[in-house]
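Asker: Build the 3D model from these lines:
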Amino acid sequence: MLYGGKLVVVSYETSRTPSALYQLLLREQVTVLNQTPSAFEQLQQVDATFEPMINSALALRFVIFGGEALDLSRLRPWLQRHGDEQPQLINMYGITETTVHVTYRRIRWEDVEQGRASVIGRAIPDLQLYVLNSALQPVPIGVAGQLYVGGAGLASGYLNRADLTAQRFIQSPFTSEKQRLYQTGDMVRYRADGELEYLGRMDQQVKIRGFRIELGEIENQLLKLPGIQACTVQVAADAQGGKRLIGYLVQEEDSAWETGVLRRQLQAVLPDYMLPALFITLPELPLTANGKLDRRALPAPDKAASQGTREFVAPRDPVEEIVVDLWKEVLGLEAVSIYDNFFEIGGHSLLATQLLSHLRELLQLDIPLRDLFEKPVLADFAQHLQTFAVDDEAVDAEAAAMLAEIEQLSEQEVEQYFLEHNA
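Answerer: All right, here's what the predicted structure looks like:
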(Lines give C-alpha, C1' and ligand atoms only; values in the text may rest on other atoms or scores of the structure.)
Protein backbone atom coordinates (compact mmCIF):
# COMPACT_ATOMS: atom_id res chain seq x y z
CA MET A 1 0.00 0.00 0.00
CA LEU A 2 2.93 2.34 0.59
CA TYR A 3 3.67 2.14 -3.12
CA GLY A 4 0.15 2.97 -4.27
CA GLY A 5 -0.32 -0.16 -6.35
CA LYS A 6 -3.51 -0.71 -8.32
CA LEU A 7 -5.71 -3.72 -7.55
CA VAL A 8 -6.99 -5.46 -10.69
CA VAL A 9 -10.21 -7.38 -10.03
CA VAL A 10 -10.52 -10.27 -12.48
CA SER A 11 -13.95 -11.39 -13.68
CA TYR A 12 -14.97 -15.02 -13.14
CA GLU A 13 -14.92 -15.85 -16.85
CA THR A 14 -11.50 -14.26 -17.36
CA SER A 15 -10.11 -16.14 -14.35
CA ARG A 16 -11.29 -19.39 -15.96
CA THR A 17 -9.95 -18.53 -19.44
CA PRO A 18 -6.12 -18.61 -19.36
CA SER A 19 -5.68 -16.81 -22.69
CA ALA A 20 -7.91 -13.94 -21.53
CA LEU A 21 -6.12 -13.77 -18.18
CA TYR A 22 -2.75 -13.67 -19.92
CA GLN A 23 -3.89 -10.80 -22.12
CA LEU A 24 -5.16 -8.99 -19.01
CA LEU A 25 -1.73 -9.38 -17.38
CA LEU A 26 -0.18 -7.77 -20.46
CA ARG A 27 -2.76 -5.03 -20.84
CA GLU A 28 -2.76 -3.97 -17.17
CA GLN A 29 1.00 -4.62 -16.76
CA VAL A 30 0.29 -6.60 -13.58
CA THR A 31 3.34 -6.88 -11.30
CA VAL A 32 2.09 -9.26 -8.57
CA LEU A 33 0.01 -12.35 -9.40
CA ASN A 34 -1.52 -14.66 -6.77
CA GLN A 35 -2.71 -18.05 -8.07
CA THR A 36 -3.16 -21.68 -7.14
CA PRO A 37 -0.56 -23.98 -8.73
CA SER A 38 -3.29 -25.64 -10.82
CA ALA A 39 -4.40 -22.34 -12.35
CA PHE A 40 -0.83 -21.22 -12.96
CA GLU A 41 -0.13 -24.42 -14.88
CA GLN A 42 -2.81 -23.40 -17.38
CA LEU A 43 -1.27 -19.94 -17.63
CA GLN A 44 2.12 -21.53 -18.36
CA GLN A 45 0.68 -23.24 -21.42
CA VAL A 46 -0.68 -19.97 -22.77
CA ASP A 47 2.64 -18.25 -22.04
CA ALA A 48 4.48 -20.84 -24.12
CA THR A 49 2.07 -20.30 -27.04
CA PHE A 50 1.62 -16.53 -26.95
CA GLU A 51 5.05 -15.28 -25.94
CA PRO A 52 6.68 -15.44 -29.42
CA MET A 53 3.64 -13.76 -30.99
CA ILE A 54 3.39 -10.56 -28.93
CA ASN A 55 5.33 -7.32 -28.84
CA SER A 56 4.75 -6.41 -25.20
CA ALA A 57 6.22 -8.37 -22.31
CA LEU A 58 4.90 -9.44 -18.94
CA ALA A 59 5.61 -6.97 -16.13
CA LEU A 60 5.35 -9.59 -13.38
CA ARG A 61 7.78 -9.15 -10.48
CA PHE A 62 6.23 -11.78 -8.18
CA VAL A 63 4.06 -14.86 -8.69
CA ILE A 64 2.69 -16.07 -5.35
CA PHE A 65 1.38 -19.64 -5.03
CA GLY A 66 -1.12 -20.74 -2.40
CA GLY A 67 -4.27 -22.76 -1.85
CA GLU A 68 -2.80 -26.21 -2.54
CA ALA A 69 0.46 -28.16 -2.53
CA LEU A 70 2.97 -26.99 -5.14
CA ASP A 71 4.64 -29.62 -7.33
CA LEU A 72 7.95 -27.92 -8.12
CA SER A 73 8.64 -30.12 -11.16
CA ARG A 74 5.67 -28.51 -12.96
CA LEU A 75 7.44 -25.13 -12.88
CA ARG A 76 10.27 -26.35 -15.12
CA PRO A 77 8.80 -25.05 -18.45
CA TRP A 78 8.23 -21.58 -16.95
CA LEU A 79 11.71 -21.38 -15.40
CA GLN A 80 13.30 -22.49 -18.66
CA ARG A 81 11.70 -19.51 -20.41
CA HIS A 82 11.86 -16.84 -17.68
CA GLY A 83 14.48 -17.94 -15.13
CA ASP A 84 13.96 -17.40 -11.40
CA GLU A 85 14.79 -13.68 -11.07
CA GLN A 86 12.04 -11.92 -13.03
CA PRO A 87 9.47 -12.74 -11.88
CA GLN A 88 10.30 -14.28 -8.52
CA LEU A 89 8.21 -17.35 -7.70
CA ILE A 90 7.01 -17.51 -4.08
CA ASN A 91 5.42 -20.56 -2.43
CA MET A 92 3.23 -19.65 0.56
CA TYR A 93 1.42 -22.10 2.79
CA GLY A 94 -1.68 -20.58 4.29
CA ILE A 95 -4.90 -21.26 6.19
CA THR A 96 -8.04 -19.22 6.69
CA GLU A 97 -7.46 -19.15 10.45
CA THR A 98 -4.43 -16.87 9.95
CA THR A 99 -5.97 -14.77 7.15
CA VAL A 100 -4.28 -16.22 5.25
CA HIS A 101 -0.55 -16.89 4.83
CA VAL A 102 1.66 -18.72 7.31
CA THR A 103 4.97 -19.45 5.58
CA TYR A 104 7.11 -18.00 2.80
CA ARG A 105 9.57 -19.69 0.43
CA ARG A 106 11.16 -18.29 -2.72
CA ILE A 107 11.51 -20.94 -5.44
CA ARG A 108 14.87 -21.19 -7.20
CA TRP A 109 15.89 -23.09 -10.30
CA GLU A 110 17.99 -25.48 -8.18
CA ASP A 111 14.85 -26.53 -6.26
CA VAL A 112 13.43 -27.95 -9.48
CA GLU A 113 16.77 -29.38 -10.61
CA GLN A 114 17.24 -31.21 -7.32
CA GLY A 115 13.72 -32.62 -7.37
CA ARG A 116 12.70 -31.16 -4.03
CA ALA A 117 9.25 -31.83 -2.63
CA SER A 118 6.70 -29.18 -1.68
CA VAL A 119 8.94 -26.94 0.45
CA ILE A 120 6.86 -24.26 2.19
CA GLY A 121 9.74 -22.46 3.91
CA ARG A 122 9.67 -20.52 7.17
CA ALA A 123 7.09 -18.64 9.24
CA ILE A 124 6.19 -15.08 8.37
CA PRO A 125 7.21 -12.62 11.16
CA ASP A 126 3.99 -12.48 13.22
CA LEU A 127 3.55 -16.26 13.60
CA GLN A 128 5.23 -19.15 15.41
CA LEU A 129 5.23 -22.69 14.05
CA TYR A 130 5.47 -25.98 15.94
CA VAL A 131 5.71 -29.52 14.53
CA LEU A 132 4.30 -31.81 17.22
CA ASN A 133 3.39 -35.45 17.76
CA SER A 134 0.12 -36.75 19.24
CA ALA A 135 1.42 -35.97 22.75
CA LEU A 136 2.06 -32.34 21.77
CA GLN A 137 5.80 -32.87 21.95
CA PRO A 138 8.17 -31.42 19.30
CA VAL A 139 9.40 -34.02 16.81
CA PRO A 140 13.04 -34.28 15.65
CA ILE A 141 14.22 -32.85 12.35
CA GLY A 142 13.10 -35.05 9.46
CA VAL A 143 10.25 -36.68 11.41
CA ALA A 144 6.67 -36.00 10.35
CA GLY A 145 4.27 -34.29 12.73
CA GLN A 146 1.22 -32.06 12.77
CA LEU A 147 1.76 -28.35 12.19
CA TYR A 148 0.53 -26.01 14.93
CA VAL A 149 0.41 -22.23 14.47
CA GLY A 150 0.49 -19.49 17.08
CA GLY A 151 1.19 -15.78 17.27
CA ALA A 152 -0.38 -12.37 16.70
CA GLY A 153 -1.69 -13.31 13.26
CA LEU A 154 -3.90 -16.10 14.60
CA ALA A 155 -7.68 -15.62 14.57
CA SER A 156 -9.68 -15.52 17.82
CA GLY A 157 -11.82 -18.49 16.79
CA TYR A 158 -14.88 -19.40 14.73
CA LEU A 159 -17.87 -17.07 14.87
CA ASN A 160 -20.69 -18.64 16.90
CA ARG A 161 -18.86 -22.02 16.92
CA ALA A 162 -17.51 -22.30 20.47
CA ASP A 163 -17.33 -26.11 20.25
CA LEU A 164 -15.24 -26.08 17.09
CA THR A 165 -13.06 -23.25 18.45
CA ALA A 166 -12.29 -25.27 21.58
CA GLN A 167 -11.44 -28.29 19.45
CA ARG A 168 -9.10 -26.57 16.99
CA PHE A 169 -7.61 -23.74 19.12
CA ILE A 170 -5.74 -25.16 22.12
CA GLN A 171 -3.75 -23.72 24.98
CA SER A 172 -0.05 -23.62 24.12
CA PRO A 173 1.96 -26.10 26.20
CA PHE A 174 5.08 -23.98 25.76
CA THR A 175 4.11 -20.88 27.73
CA SER A 176 2.37 -20.04 30.98
CA GLU A 177 0.61 -17.16 29.31
CA LYS A 178 -2.76 -17.51 27.64
CA GLN A 179 -1.32 -18.13 24.21
CA ARG A 180 -3.27 -20.39 21.91
CA LEU A 181 -2.17 -22.67 19.08
CA TYR A 182 -4.20 -23.73 16.06
CA GLN A 183 -3.89 -27.37 15.03
CA THR A 184 -3.94 -27.32 11.24
CA GLY A 185 -4.43 -31.01 10.47
CA ASP A 186 -1.51 -30.75 8.03
CA MET A 187 1.48 -33.08 8.21
CA VAL A 188 4.90 -31.46 7.78
CA ARG A 189 8.50 -32.05 8.75
CA TYR A 190 11.51 -29.86 9.32
CA ARG A 191 14.40 -30.22 6.90
CA ALA A 192 18.03 -29.97 8.01
CA ASP A 193 18.16 -26.37 6.76
CA GLY A 194 15.30 -25.33 9.06
CA GLU A 195 12.65 -25.11 6.36
CA LEU A 196 9.33 -26.94 6.40
CA GLU A 197 8.25 -29.54 3.87
CA TYR A 198 4.52 -30.14 3.34
CA LEU A 199 3.49 -33.82 3.42
CA GLY A 200 -0.32 -33.80 3.21
CA ARG A 201 -3.50 -33.89 5.29
CA MET A 202 -4.01 -36.00 8.42
CA ASP A 203 -7.74 -36.47 7.96
CA GLN A 204 -10.23 -36.71 5.14
CA GLN A 205 -10.01 -33.01 4.44
CA VAL A 206 -8.31 -32.36 1.10
CA LYS A 207 -7.61 -29.38 -1.12
CA ILE A 208 -8.52 -29.46 -4.79
CA ARG A 209 -7.91 -26.43 -7.01
CA GLY A 210 -7.52 -24.31 -3.87
CA PHE A 211 -10.79 -25.42 -2.19
CA ARG A 212 -10.76 -27.16 1.18
CA ILE A 213 -13.08 -30.18 0.98
CA GLU A 214 -14.37 -32.66 3.57
CA LEU A 215 -14.88 -35.97 1.77
CA GLY A 216 -17.25 -37.15 4.51
CA GLU A 217 -19.61 -34.27 3.81
CA ILE A 218 -19.97 -35.38 0.18
CA GLU A 219 -20.55 -38.98 1.27
CA ASN A 220 -23.27 -37.91 3.70
CA GLN A 221 -25.13 -36.07 0.93
CA LEU A 222 -24.82 -39.03 -1.43
CA LEU A 223 -26.32 -41.39 1.15
CA LYS A 224 -29.37 -39.13 1.43
CA LEU A 225 -30.21 -39.70 -2.25
CA PRO A 226 -32.67 -42.46 -3.21
CA GLY A 227 -31.16 -45.68 -4.53
CA ILE A 228 -27.70 -45.26 -2.92
CA GLN A 229 -26.97 -48.01 -0.41
CA ALA A 230 -23.30 -47.25 0.32
CA CYS A 231 -20.61 -44.98 -1.03
CA THR A 232 -17.14 -43.57 -0.61
CA VAL A 233 -15.53 -40.51 -2.16
CA GLN A 234 -11.81 -40.56 -2.90
CA VAL A 235 -9.25 -38.30 -4.54
CA ALA A 236 -7.42 -39.50 -7.65
CA ALA A 237 -5.10 -37.96 -10.21
CA ASP A 238 -6.56 -36.98 -13.58
CA ALA A 239 -4.84 -37.37 -16.96
CA GLN A 240 -2.98 -34.08 -16.47
CA GLY A 241 -1.67 -34.89 -12.98
CA GLY A 242 -4.24 -32.75 -11.15
CA LYS A 243 -6.67 -33.91 -8.47
CA ARG A 244 -10.28 -34.92 -8.94
CA LEU A 245 -13.04 -36.45 -6.81
CA ILE A 246 -14.26 -39.97 -7.59
CA GLY A 247 -17.54 -41.28 -6.19
CA TYR A 248 -17.83 -45.05 -5.71
CA LEU A 249 -21.46 -46.10 -5.29
CA VAL A 250 -23.31 -49.28 -4.25
CA GLN A 251 -26.89 -49.22 -5.52
CA GLU A 252 -29.89 -50.54 -3.68
CA GLU A 253 -31.51 -53.57 -5.29
CA ASP A 254 -33.69 -52.74 -8.32
CA SER A 255 -32.58 -49.11 -8.28
CA ALA A 256 -30.99 -47.19 -11.14
CA TRP A 257 -29.48 -43.77 -11.60
CA GLU A 258 -28.14 -41.55 -14.37
CA THR A 259 -25.04 -39.42 -13.92
CA GLY A 260 -26.67 -36.16 -14.98
CA VAL A 261 -29.58 -36.61 -12.56
CA LEU A 262 -27.22 -37.53 -9.75
CA ARG A 263 -25.07 -34.45 -10.32
CA ARG A 264 -28.13 -32.17 -10.43
CA GLN A 265 -29.34 -33.58 -7.12
CA LEU A 266 -25.96 -32.94 -5.51
CA GLN A 267 -25.74 -29.46 -7.01
CA ALA A 268 -28.79 -28.52 -4.97
CA VAL A 269 -26.87 -29.10 -1.71
CA LEU A 270 -23.15 -28.85 -2.58
CA PRO A 271 -20.97 -26.26 -4.36
CA ASP A 272 -19.61 -27.25 -7.76
CA TYR A 273 -16.07 -27.87 -6.50
CA MET A 274 -17.42 -30.62 -4.19
CA LEU A 275 -19.11 -32.56 -7.00
CA PRO A 276 -17.33 -35.81 -7.93
CA ALA A 277 -15.92 -35.79 -11.45
CA LEU A 278 -16.74 -39.47 -11.93
CA PHE A 279 -19.20 -41.96 -10.45
CA ILE A 280 -18.36 -45.67 -10.52
CA THR A 281 -20.83 -48.39 -9.52
CA LEU A 282 -19.62 -51.34 -7.44
CA PRO A 283 -21.50 -54.45 -6.25
CA GLU A 284 -20.06 -53.73 -2.78
CA LEU A 285 -17.34 -51.62 -1.19
CA PRO A 286 -14.10 -53.58 -0.69
CA LEU A 287 -13.10 -54.12 2.94
CA THR A 288 -9.90 -55.07 4.69
CA ALA A 289 -9.62 -58.06 7.01
CA ASN A 290 -10.57 -55.90 10.02
CA GLY A 291 -13.65 -54.54 8.27
CA LYS A 292 -12.35 -51.12 7.22
CA LEU A 293 -12.67 -49.70 3.73
CA ASP A 294 -9.88 -51.07 1.53
CA ARG A 295 -9.03 -48.00 -0.53
CA ARG A 296 -6.31 -49.84 -2.44
CA ALA A 297 -8.87 -52.31 -3.78
CA LEU A 298 -11.08 -49.62 -5.32
CA PRO A 299 -10.89 -49.73 -9.14
CA ALA A 300 -8.68 -47.04 -10.68
CA PRO A 301 -10.74 -44.45 -12.59
CA ASP A 302 -7.97 -43.65 -15.10
CA LYS A 303 -9.36 -45.75 -17.93
CA ALA A 304 -12.96 -46.04 -16.78
CA ALA A 305 -15.61 -43.70 -18.10
CA SER A 306 -18.34 -42.53 -15.76
CA GLN A 307 -20.99 -45.09 -14.93
CA GLY A 308 -24.60 -44.37 -15.78
CA THR A 309 -23.93 -42.45 -19.00
CA ARG A 310 -25.75 -42.95 -22.29
CA GLU A 311 -25.14 -45.85 -24.66
CA PHE A 312 -21.85 -45.51 -26.55
CA VAL A 313 -22.15 -43.90 -30.01
CA ALA A 314 -19.05 -43.52 -32.19
CA PRO A 315 -18.21 -40.27 -34.01
CA ARG A 316 -20.10 -39.80 -37.28
CA ASP A 317 -17.89 -37.29 -39.07
CA PRO A 318 -14.25 -36.11 -39.02
CA VAL A 319 -14.90 -33.12 -36.77
CA GLU A 320 -16.54 -35.33 -34.14
CA GLU A 321 -13.55 -37.68 -34.53
CA ILE A 322 -11.15 -34.81 -33.72
CA VAL A 323 -13.19 -33.75 -30.68
CA VAL A 324 -13.46 -37.33 -29.40
CA ASP A 325 -9.68 -37.72 -29.61
CA LEU A 326 -9.17 -34.45 -27.72
CA TRP A 327 -11.67 -35.40 -24.99
CA LYS A 328 -10.03 -38.81 -24.56
CA GLU A 329 -6.60 -37.17 -24.22
CA VAL A 330 -7.67 -34.47 -21.76
CA LEU A 331 -9.92 -36.72 -19.64
CA GLY A 332 -7.65 -39.77 -19.77
CA LEU A 333 -10.42 -42.07 -21.05
CA GLU A 334 -10.20 -44.92 -23.55
CA ALA A 335 -13.66 -44.32 -25.02
CA VAL A 336 -15.96 -41.31 -25.31
CA SER A 337 -19.43 -41.32 -26.83
CA ILE A 338 -20.64 -38.41 -28.93
CA TYR A 339 -23.55 -38.08 -26.47
CA ASP A 340 -21.33 -37.89 -23.40
CA ASN A 341 -21.40 -34.72 -21.32
CA PHE A 342 -17.91 -33.30 -20.71
CA PHE A 343 -18.67 -32.43 -17.08
CA GLU A 344 -20.29 -35.80 -16.33
CA ILE A 345 -17.35 -37.95 -17.44
CA GLY A 346 -14.64 -36.27 -15.41
CA GLY A 347 -14.38 -32.76 -16.83
CA HIS A 348 -14.11 -29.59 -14.77
CA SER A 349 -13.19 -25.96 -15.44
CA LEU A 350 -9.41 -26.49 -15.43
CA LEU A 351 -9.63 -29.44 -17.82
CA ALA A 352 -12.00 -27.39 -19.95
CA THR A 353 -9.34 -24.70 -20.35
CA GLN A 354 -6.83 -27.37 -21.38
CA LEU A 355 -9.26 -28.69 -23.99
CA LEU A 356 -9.79 -25.22 -25.44
CA SER A 357 -6.03 -24.63 -25.44
CA HIS A 358 -5.57 -27.80 -27.53
CA LEU A 359 -8.30 -26.64 -29.91
CA ARG A 360 -6.56 -23.30 -30.33
CA GLU A 361 -3.26 -25.02 -31.15
CA LEU A 362 -4.83 -27.59 -33.48
CA LEU A 363 -7.44 -25.53 -35.35
CA GLN A 364 -6.51 -21.91 -34.51
CA LEU A 365 -9.98 -21.48 -32.97
CA ASP A 366 -10.21 -19.31 -29.85
CA ILE A 367 -13.38 -20.77 -28.30
CA PRO A 368 -14.81 -18.97 -25.22
CA LEU A 369 -15.01 -21.13 -22.10
CA ARG A 370 -18.71 -20.41 -21.73
CA ASP A 371 -19.39 -22.20 -25.06
CA LEU A 372 -18.34 -25.53 -23.55
CA PHE A 373 -20.52 -24.92 -20.49
CA GLU A 374 -23.46 -24.10 -22.76
CA LYS A 375 -22.82 -27.06 -25.09
CA PRO A 376 -21.20 -29.75 -22.89
CA VAL A 377 -22.46 -32.71 -24.98
CA LEU A 378 -19.82 -33.74 -27.49
CA ALA A 379 -22.08 -33.88 -30.54
CA ASP A 380 -23.46 -30.40 -29.82
CA PHE A 381 -20.00 -28.99 -29.16
CA ALA A 382 -18.58 -30.48 -32.39
CA GLN A 383 -21.47 -29.02 -34.38
CA HIS A 384 -20.85 -25.66 -32.71
CA LEU A 385 -17.19 -25.79 -33.78
CA GLN A 386 -18.19 -26.09 -37.41
CA THR A 387 -20.65 -23.20 -37.08
CA PHE A 388 -18.06 -21.18 -35.17
CA ALA A 389 -15.50 -21.65 -37.93
CA VAL A 390 -17.85 -20.89 -40.79
CA ASP A 391 -20.13 -18.19 -39.42
CA ASP A 392 -18.16 -16.26 -36.82
CA GLU A 393 -16.57 -13.26 -38.53
CA ALA A 394 -13.96 -13.00 -35.78
CA VAL A 395 -12.46 -16.39 -36.70
CA ASP A 396 -9.44 -16.45 -38.95
CA ALA A 397 -10.17 -17.77 -42.45
CA GLU A 398 -7.29 -20.20 -42.02
CA ALA A 399 -9.21 -22.03 -39.30
CA ALA A 400 -12.29 -22.39 -41.51
CA ALA A 401 -10.11 -23.74 -44.30
CA MET A 402 -8.53 -26.22 -41.90
CA LEU A 403 -11.92 -27.51 -40.78
CA ALA A 404 -12.98 -27.82 -44.42
CA GLU A 405 -9.82 -29.86 -45.04
CA ILE A 406 -10.62 -32.17 -42.14
CA GLU A 407 -14.12 -32.75 -43.51
CA GLN A 408 -12.59 -34.42 -46.57
CA LEU A 409 -10.38 -36.87 -44.64
CA SER A 410 -11.04 -40.52 -43.94
CA GLU A 411 -11.15 -41.81 -40.37
CA GLN A 412 -7.56 -43.06 -40.62
CA GLU A 413 -6.40 -39.76 -42.12
CA VAL A 414 -8.13 -37.83 -39.33
CA GLU A 415 -6.22 -39.86 -36.72
CA GLN A 416 -2.94 -39.16 -38.52
CA TYR A 417 -3.84 -35.46 -38.80
CA PHE A 418 -4.53 -35.29 -35.08
CA LEU A 419 -1.23 -37.00 -34.21
CA GLU A 420 0.82 -34.73 -36.47
CA HIS A 421 -0.73 -31.52 -35.08
CA ASN A 422 -0.27 -32.62 -31.45
CA ALA A 423 3.29 -33.85 -31.81
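Asker: which SS state does residue 371 fall under?
Answerer: When the structure is reduced to helix, strand and coil (DSSP: H, G, I helix; E, B strand; the rest coil), residue 371 reads as helix.
Asker: Quick check: nearest residue in space to it, chain neighbours excluded?
Answerer: residue 384 (6.3 Å; Cβ to Cβ, 6 or more residues apart in numbering). Quick note: C-beta positions are derived from backbone N, CA and C, even for glycine.
Asker: Surely the one you found touches residue 370?
Answerer: No - with contact taken as Cβ atoms under 8 Å, residue 384 and residue 370 are classed as non-touching, separated by 11.5 Å.
Asker: and the two? which has more neighbours close in?
Answerer: When residue 384 and residue 370 are compared for neighbours, residue 384 comes out ahead with 16 against 11, by other Cβ atoms under 10 Å.
Asker: packing partners for the helix or strand that residue 246 is a member of?
Answerer: In this structure, residue 246 is located in strand 243-251 according to DSSP states H and E. Under the contact criterion of 3 or more Cβ pairs under 8 Å, 6 or more residues apart in numbering; DSSP states H and E, strand 243-251 touches strand 205-208, helix 215-223, strand 228-237, strand 278-281.
Asker: any idea how far the residue nearest to the spatial centre of the chain is from residue 64?
Answerer: Per Cα atoms, centre = their mean, the C-alpha nearest to the average position across the chain is that of residue 209, at 3.5 Å. As for residue 209, its distance to residue 64 is 16 Å (criterion: Cβ to Cβ, to the nearest Å).
Asker: coming back round to it: what score does the residue nearest to the centre of the chain have for pLDDT?
Answerer: Reported pLDDT at residue 209 in the predicted model: 76.
Asker: What of residue 60?
Answerer: So, for residue 60, pLDDT stands at 95.
Asker: dump the residue contacts of the residue nearest to it when sequence neighbours are not counted.
Answerer: For residue 60, the nearest residue in space outside its immediate sequence neighbours is residue 87; the separation is 3.8 Å by Cβ to Cβ, 6+ apart. Under the criterion of Cβ atoms under 8 Å, 6 or more residues apart in numbering, the contact list for residue 87 reads 33, 58, 60, 61, 62, 63.
Asker: got the phi/psi numbers for the first one?
Answerer: Phi and psi for residue 33, reported as degrees, to the nearest 10, are phi -120, psi 130.
Asker: May I have the beta-bridge partners of it?
Answerer: residue 63 (DSSP bridges).
Asker: what about it, distance to residue 335?
Answerer: Counting by Cβ to Cβ, the gap from residue 33 to residue 335 is 39 Å.
Asker: In terms of neighbours, single out the busier of those two.
Answerer: Under the neighbour definition other Cβ under 10 Å, residue 33 and residue 335 were set side by side, and residue 33 has more, 20 against 13.
Asker: ok, now how distant is that one from residue 359?
Answerer: From residue 33 over to residue 359 (counting by Cβ to Cβ), the distance is 25 Å.
Asker: Does the residue nearest to the centre of the chain touch residue 38 like I think?
Answerer: Yes - counting by Cβ under 8 Å, a contact exists between residue 209 and residue 38, whose distance comes to 5.0 Å.
Asker: any common contacting residues for these two?
Answerer: Taking Cβ under 8 Å, 6+ apart as the criterion, residue 209 and residue 38 both touch 68, 242, 350.
Asker: need the contact list for the closest residue to the second one other than its chain neighbours.
Answerer: Going back to what we said before, that points to residue 242. Residue nearest to residue 242 in three dimensions, not counting chain neighbours: residue 38, with 5.6 Å by Cβ to Cβ, 6+ apart. Residue 38 makes contacts with 68, 209, 210, 242, 350, as judged by Cβ under 8 Å, 6+ apart.
Asker: cutoff 7 Å now
Answerer: 68, 209, 242, 350 (Cβ atoms under 7 Å, 6 or more residues apart in numbering).
Asker: State the distance from the nearest residue to residue 372 once chain neighbours are set aside to residue 256.
Answerer: Of all residues not flanking residue 372 in the chain, residue 352 sits nearest, at 5.2 Å (Cβ to Cβ, 6+ apart). In this view, residue 352 and residue 256 are 29 Å apart by Cβ to Cβ.
Asker: Fine by me, thanks again.
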